[in-house]
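> mind looking at a prediction? Sequence and model below.
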Amino acid sequence: LAAHLREELWELVGLYDEAKRRGGQLDFVDLLLKVRNLVRDNRDVRSYLQQKYTHLFVDEFQDTDPLQAEILLL
């Protein structure tokens, strides 16, 4: 069903993003994207985190999404 509605929902997604922007709000995916971009694009931040956290334990790794996995790998 989602595949069939994909094109129909783009306008709604745009309206939702605009409402968040106007309200100065972020949702969970926005937070993940900002963290991923910061860690990926800022070498100093990435180095600091890699030195501070030398080991990570991820419970239920099968439940992480690709964005969360990318953050962990960085």
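Nice, thanks for sending it over.
> going forward, measure contacts and count neighbours with C-alpha atoms only.
Will do.
> now name the helix or strand holding the closest residue to residue 38 other than its chain neighbours.
Spatial nearest neighbour of residue 38, chain neighbours left out: residue 45 (7.3 Å); criterion: CA to CA, 6 or more residues apart in numbering. Using DSSP states H and E, residue 45 sits within helix 43-52.
> now do that helix: distance to the chain's middle.
18 Å (CA atoms, centre = their mean, to the nearest Å).
> any idea of the mean pLDDT in the helix or strand following that helix?
Using DSSP H and E, the helix or strand that follows helix 43-52 in sequence is helix 66-73. For helix 66-73, the mean pLDDT works out to 94.
> helices or strands next to helix 66-73 in the packing?
With contacts taken as 3 or more CA pairs under 8 Å, 6 or more residues apart in numbering; DSSP states H and E, helix 66-73 sits against helix 28-41.
> that concludes my questions; thank you for your assistance.
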